[in-house]
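Colleague: Have a look at this prediction, sequence included:
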There are 4 protein chains.
Amino acid sequence: MVRVVILGQGYVASIFASGLEKIKAGKLKPYGVPLADELPVKMEEIEIVGSYDVDTSKIGKSVYDVAREYDSEASETLREIKIRKGIHLRSLRNLPIEASGLEDEMTLMEAVDHLVNEWKEMRAEVFVNVCTTEAFQPFGNREELERAIAEDKRDRLTATQVYAYAIAQYAKEVGGAAFVNAIPTLIANDPAFVELAEESGMVVFGDDGATGATPLTADVLSHLAQRNRYVLDIAQFNIGGNNDFLALTDKERNKSKEFTKSSIVRELLGYDAPHYIKPTGFLEPLGDRKFIAMHIEYISFNNARDELIITGRINDSPALAGLLVDLVRLGKMAVERKAFGTVYEVNAFYMKNPGPKDRPNIPRIIAHKKMRMWAGLSPRWL
Amino acid sequence: MVRVVILGQGYVASIFASGLEKIKAGKLKPYGVPLADELPVKMEEIEIVGSYDVDTSKIGKSVYDVAREYDSEASETLREIKIRKGIHLRSLRNLPIEASGLEDEMTLMEAVDHLVNEWKEMRAEVFVNVCTTEAFQPFGNREELERAIAEDKRDRLTATQVYAYAIAQYAKEVGGAAFVNAIPTLIANDPAFVELAEESGMVVFGDDGATGATPLTADVLSHLAQRNRYVLDIAQFNIGGNNDFLALTDKERNKSKEFTKSSIVRELLGYDAPHYIKPTGFLEPLGDRKFIAMHIEYISFNNARDELIITGRINDSPALAGLLVDLVRLGKMAVERKAFGTVYEVNAFYMKNPGPKDRPNIPRIIAHKKMRMWAGLSPRWL
Amino acid sequence: MVRVVILGQGYVASIFASGLEKIKAGKLKPYGVPLADELPVKMEEIEIVGSYDVDTSKIGKSVYDVAREYDSEASETLREIKIRKGIHLRSLRNLPIEASGLEDEMTLMEAVDHLVNEWKEMRAEVFVNVCTTEAFQPFGNREELERAIAEDKRDRLTATQVYAYAIAQYAKEVGGAAFVNAIPTLIANDPAFVELAEESGMVVFGDDGATGATPLTADVLSHLAQRNRYVLDIAQFNIGGNNDFLALTDKERNKSKEFTKSSIVRELLGYDAPHYIKPTGFLEPLGDRKFIAMHIEYISFNNARDELIITGRINDSPALAGLLVDLVRLGKMAVERKAFGTVYEVNAFYMKNPGPKDRPNIPRIIAHKKMRMWAGLSPRWL
Amino acid sequence: MVRVVILGQGYVASIFASGLEKIKAGKLKPYGVPLADELPVKMEEIEIVGSYDVDTSKIGKSVYDVAREYDSEASETLREIKIRKGIHLRSLRNLPIEASGLEDEMTLMEAVDHLVNEWKEMRAEVFVNVCTTEAFQPFGNREELERAIAEDKRDRLTATQVYAYAIAQYAKEVGGAAFVNAIPTLIANDPAFVELAEESGMVVFGDDGATGATPLTADVLSHLAQRNRYVLDIAQFNIGGNNDFLALTDKERNKSKEFTKSSIVRELLGYDAPHYIKPTGFLEPLGDRKFIAMHIEYISFNNARDELIITGRINDSPALAGLLVDLVRLGKMAVERKAFGTVYEVNAFYMKNPGPKDRPNIPRIIAHKKMRMWAGLSPRWL
């Protein structure tokens, strides 16, 4: 059994919940789940035991009620999970959503205690953070983080940071827990949190689930690097119509995303080819199926100039939801192995910005092998 | 020193010769040469010592005269290499080129002896086959191959097959030689030739240099396979304006190409997703810079349907010429190591259809590592 | 009322029938019908009164039974129209379909009489030809056409040619009828048929409904021509998974298609820019939603070289079916106006190869205005 | 003779000057010049008589010195034209360029007089405004405009607005002059300037030369509209590496551009389909050859959903420079015809935002015909 708590019951969490129930009912093939049946922990063992959100139109409803707005085939089995009020801290600021957080009724420290108590009741094991992209500042320093919580510094902290802190407290009390951070806020890349995790018995995977155009760009760049082709420039556009794209029209949030994506170029090519890699815009009718466009120019032998253009329509939320089906199981395994802190081998394949800080992006195909080995699976193709 | 003989002084060979001289003169960065400065055998050590063709407008001219038609900056140092008459056997059939081969004046066996003698004079070490794509039939059986040569069966043999046989004879006499087969004719995948190579002291690399859209498709398919996405269909088009595309308008030659490309899908995905992967047409003004277009549809998590489109303008000949700069050096190294027969580790990265027969295509990024290890280089990213 | 007979109850005819019934029931907006509510003859007045096919699995069934295989929402009102046996003449040759035609039981002349009698019962007014693309030879000469029918020359004639002949006989007897030829077989471009039409009281619209990539290419080329940009080359690929694409894998049929498409380049640009414009392949999972890819290179001011790439996923059958909703009404109007023969103003907008012979392709946007004026509608934008 | 003064000696003006001299010397075909040899005023009659800029590294140099930085084949005949100091008013603000304007040394009114005097010496006839895109506010009201100049309100005015005012003064004195406004600042769309032009004997063409992706999008949207396809959404990206793209990274300037482009959708489709149409980013190595990407989704018959993707590499400056070769001649013709104010027939084809205000965008192919008729040329295709 893997007892999962969802933080942010939006599109991704709903598809995750809905798809998972279908797989458990034998109604869906596990396409998009990289390790599917290969892991010792089976998909059928995953159970969602709790869910949190700050959208007042969701709080108090069942996961079923919310999930079927995203997937009309959502399973009735999701009726039993109620959505509880979580941490807000401006995470839905500027979005056309009415929001309310625990911190409206208590101090942050009290909210942490409140959550820890709820989680104990749920006997939670793995936490999945799929909140809306936040504008944030990393801590770096653990004392500063703890002071911010203790002193109730609401402007310094984001929901994700408070959740991560609370899970560390919970892990310390119950002897281990895992936190899968699928959004750009730096947690696995913030030494403050990694240190906290190591000491508290928490496993952190992160940051920012590796979906969309970026992992593909990564493999295309690796492809060019291995042939010693010299990349002149890279442009990558993204436009979608889901809430996450709407959130990214907010300039500060967009900055978080850009940070994640840009390191890839230097890390894979070995030099910083000029690039423009940003989520570009919001266009409502595209819905969750975003349009991506990439343009790459490079020099081949004898100064020949080549050009690649990649376009696509990609379902944003299912791509991440599929990865989560692996990550919650790997999280459970990591806790059992007491691999507290963060696990680069997992992050390097599943995350856009693999922690810990200063560990690089590597070609995903290579990362895939490292990850399999970590998980005790034989590498393919070797 | 690596003493190279070119078989087929067309676009690829001319760019290879021209680019190589520029690198030796310090005028060109080795972009598009995967191993560039990393190999113990340096690029500066490569010397072209002979060249063969069957186009009567080229025979007797210098490599410089021909190369500058493809690259106006070709080096005067290529003046000293004269283009000699090689084997024709219909290899330019149906093309608007007047051709003449050694076999017009003598039996095939005599032609083989003639060539072996010339190569001894040249002290040739590595042979690069960049003839026009041929319509061919593999042998499979070594006796049948030897009988075809002995009995002068001109309809059964292609130029490439006779060259490979001749090089085996030469290798036997001089104690080793390498044959780089960069075109689709099966040599490294024909057990008849591999057996012959093993016994004669010949190294064969082949078949069909891995350039163009196919290696990229391979890496994109691997990318999808690793995420367990289910590929519904793949369409890949290619159109160009060089002689090779003109040759492929010939139906039988086209079939050779299709064979090479199709195995990739099953080998990388593990199932035979419906696909259409063929060189599509000839359009003269595109010249050597072909237009490629790919369309891939796949199923992601929760039955979401995604779509990728890749288009590009890619210089055909430089891509292959850059690989040859590695292959001739690896050929020399393989002869020194007495790795007679064929070398899968090299083929798997550099060839579309890596021999020996029944060895699969693997993701190029993985093949890259295997190849580096074979070459005594440390793998990147591990 | 417009009483329509369908010739070839395949994908296009089924979507036409199904969509039409939905529009009549107020369940579907008339998107894809260029003139929608603007014509004096309303969409609600169209009635399908007969249908013919040669697929033995369809003959005897109702249009509803067949249409719901292509559109699960097909209307029950289509139950009343039975599919009758039509003319085959090898039109399904080489396709994996068991076929049987009237000519298996009688001479062609008898089949013509048989059909004319059935049509009289139906009081048919407009005939829509949406048979599978045929390999054919135009007649040019009317006597030769009549001799071929009289002498039962089955190898010389295609189903479309016999239908057109039969409709002319019918028109002569009842005082007028229209034939909409939506496939590539030359009818409006064959002087033999146009002459026959003029004398028999038949209106012919044709040939080959202007859907897919070609009309778009036409407008893009006009766009370039008006800016005096010099087109260097054009490549256009098409791949789909419906029966029409399967039929086009047959080389002879493919040739019919190529003929239609190639004249466009010269007619719109004023010079014959090198081009490759062909239906390229069959890939079953693509279904009716074909993948198109175009590449156009041109010279702009000061010798600058620009490049356009257009790709798309386009539903093949609905595009044509939408045009048919106009064409059957325009056919009725033309009969009423006694515009016997063919009507260039209609063809120039709706047809890939607008008849009569030797009348050119013009930019579709211009053709649109001419057509509107013919139909008595005010031009837009003037 | 057409005596032309350039305002803003950047990329466009340099390609215009260089290409024009090549055409006059018989060294260049007039590709990209829509009317080429058709106009009564010949290309050979165009003479550049003056040039203005505010980049201190350009002021005082010859047009030849500057043009050859953009085109190494620029003609020596351009040596004789010196670049003079023009109006700055923050038009290069935030760009990495040292700038100085006449207004640094005198009042705006004095600067106007200064310019008028210089232009009298030059006997200027047509002025071409190709300054860098400005952040601006239209006037609407003529009194307000005149007061801003008289009261030296430097914060209220842009360089383009002052130039337009000065040219009106010049036209009044010499009996006519034309102003071609090829940038987004509203002049032909600002009633203040149109009224001023009518009374002063000035012809204004504008605003914003119709190059790049937008006119193509316009024709593609018209193509869809004529088939009654319902457009669901439109995304259009643009990224380039020239100074104009650098300038557009400035948020306020970008807004000017967006305004121009967005009206097209409603005007051509008849409804405001959701769209994202913006210059997206700056990527230096792309240079003047920008990358464009468009995505359009629409509904066809029977609710079928189609998708088009257009990508391209387009030389930005030559596209506009080619149009200028027509516009300066049409400007001269308009002055001779005393068509003072603005000329919609010309603007509708050549301008992104055709003035006067409230006149719509129409399909370019239709506009092309209107324009030809205005110019006294027979329409094509009618």
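Modeller: Yep, that arrived.
Colleague: Show me where the stretch 1-150 of chain A has its helices.
Modeller: For the stretch 1-150 of chain A, applying DSSP state H, counting those that start in this stretch gives helices covering A:11-24, A:63-70, A:108-122, A:142-150.
Colleague: Report whether the first one contacts chain B.
Modeller: If I follow you right, that is helix A:11-24. Yes. Under the criterion of C-beta under 8 Å from any C-beta of the partner chain, chain B is reached by helix A:11-24 at A:15, A:18-19, A:22. C-beta coordinates here come from the backbone N, C-alpha and C atoms, glycine included.
Colleague: for chain D, what are the nearby residues on chain A?
Modeller: Contact residues, chain A versus chain D (C-beta under 8 Å from any C-beta): A:232-233, A:235, A:237, A:239, A:241, A:274-276, A:278, A:280-286, A:291, A:293, A:295, A:297, A:307, A:309, A:311, A:313.
Colleague: Against chain D, how distant is the residue of the stretch 51-200 of chain A found nearest chain B?
Modeller: Using C-beta to the nearest C-beta, the point where the stretch 51-200 of chain A gets nearest to chain B is residue A:71, with a distance of 6.7 Å. When distance is defined by C-beta to the nearest C-beta, to the nearest Å, residue A:71 is 19 Å away from chain D.
Colleague: residues contacting the nearest residue to that residue once chain neighbours are set aside?
Modeller: Beyond its immediate neighbours in the sequence, the residue positioned closest to residue A:71 (C-beta to C-beta, 6 or more residues apart in numbering or on different chains) is residue A:18, lying 4.4 Å away. Taking C-beta atoms under 8 Å, 6 or more residues apart in numbering or on different chains as the definition of contact, the neighbours of residue A:18 are A:67-68, A:70-71, A:73-75, A:78, B:302.
Colleague: Relative to chain C, which of the residues you listed is nearest.
Modeller: Using C-beta to the nearest C-beta as the measure, the one of the contacts of residue A:18 that approaches chain C most closely is residue A:73, at 17.1 Å.
Colleague: Contacts only, for that closest one.
Modeller: A:18, A:22.
Colleague: Check what pLDDT it gets.
Modeller: Per-residue confidence for residue A:73 comes out at a pLDDT of 94.
Colleague: Could you pull up phi and psi at it?
Modeller: Main-chain dihedrals, residue A:73, degrees, to the nearest 10: phi -100, psi 20.
Colleague: ditto for residue A:30
Modeller: The phi and psi values for residue A:30, taken as degrees, to the nearest 10, are phi -80, psi 40.
Colleague: Quick one: residues contacting it.
Modeller: Under the criterion of C-beta under 8 Å, 6+ apart, the contact partners of residue A:30 comprise A:23, A:36-37, A:43, A:322, A:325, B:228, B:301.
Colleague: tell me the two of these that are most distant?
Modeller: Looking at the contacts of residue A:30 by C-beta to C-beta, the two members farthest from one another are A:37 and B:301, with 14.7 Å of separation.
Colleague: higher neighbour count, these two?
Modeller: Neighbour comparison, residue A:37 and residue B:301: the larger count goes to residue B:301, with 30 against 10 (by other C-beta atoms under 10 Å in any protein chain shown).
Colleague: Sort out which of the contacts of residue A:18 are buried, if you could.
Modeller: When neighbours are counted using 16 or more other C-beta atoms under 10 Å in any protein chain shown, the contacts of residue A:18 contain these buried positions: A:67-68, A:70-71, A:74-75, A:78, B:302.
Colleague: now the helices for the stretch 201-350 of chain A?
Modeller: Going by DSSP H, counting those that start in this stretch, the stretch 201-350 of chain A shows helices at A:213-226, A:243-248, A:251-269, A:316-336, A:344-350.
Colleague: closest one to residue D:83 among those?
Modeller: Nearest to residue D:83 among the helices of the stretch 201-350 of chain A is helix A:251-269 (38.5 Å), distances taken as C-beta to C-beta.
Colleague: That closest one - what's its average pLDDT?
Modeller: 73.
Colleague: just to revisit the earlier point, where does the residue nearest to residue A:71 land on pLDDT?
Modeller: Value for residue A:18, per-residue pLDDT: 98.
Colleague: before we move on, what about the one 3 residues further on?
Modeller: In this model, residue A:21 is scored at 98, pLDDT.
Colleague: got the contact list for the closest residue to it other than its chain neighbours?
Modeller: Once its chain neighbours are removed from consideration, residue A:21 has its nearest residue in residue A:75; the separation is 3.7 Å (C-beta to C-beta, 6+ apart). For residue A:75, the set of contacting residues under the criterion of C-beta under 8 Å, 6+ apart consists of A:18, A:21-22, A:25, A:64.
Colleague: Break chain A down into its structural domains.
Modeller: If the domains of chain A are taken from automatic domain parsing, they occupy A:2-209+A:318-374, A:213-314, with pieces of a single domain joined by a plus sign.
Colleague: So residue A:14 versus residue D:20, what's the distance?
Modeller: In this structure, residue A:14 lies at 61 Å from residue D:20, with C-beta to C-beta, to the nearest Å as the measure.
Colleague: returning to that earlier point: are any of the residues of chain A next to chain D buried, and if so which?
Modeller: Restricting those to buried positions leaves A:232-233, A:235, A:237, A:239, A:241, A:274-276, A:278, A:280-283, A:286, A:291, A:293, A:295, A:297, A:307, A:309, A:311, A:313, with burial counted as 16+ other C-beta under 10 Å.
Colleague: restrict the residues you listed to those near chain B?
Modeller: When those are filtered against chain B using C-beta under 8 Å from any C-beta, the residues retained are A:307, A:309, A:311, A:313.
Colleague: At the contact with chain B, which residues of the stretch 251-382 of chain A appear?
Modeller: By the criterion of C-beta under 8 Å from any C-beta, the positions of the stretch 251-382 of chain A lying close to chain B are A:289, A:299-315, A:318-319, A:321-323, A:325, A:362-366, A:368-370, A:381-382.
Colleague: hmm, back to that, OK, contacts around the residue of the stretch 51-200 of chain A closest to chain B?
Modeller: Here residue A:71 is in contact with A:14-15, A:18-19, B:302 (criterion: C-beta under 8 Å, 6+ apart).
Colleague: let's see it at 7 Å
Modeller: Taking C-beta atoms under 7 Å, 6 or more residues apart in numbering or on different chains, we find residue A:71 in contact with A:14-15, A:18, B:302.
Colleague: and residue A:100, how many neighbours?
Modeller: If we define neighbours as other C-beta under 10 Å, then residue A:100 has 16 of them.
Colleague: Let me see the backbone angles for it.
Modeller: Comment: the main-chain dihedrals of residue A:100 come out as phi -150, psi 140, following degrees, to the nearest 10.
Colleague: contacting residues for it?
Modeller: Residue A:100 makes contact with A:54, A:56, A:85, A:88, according to C-beta under 7 Å, 6+ apart.
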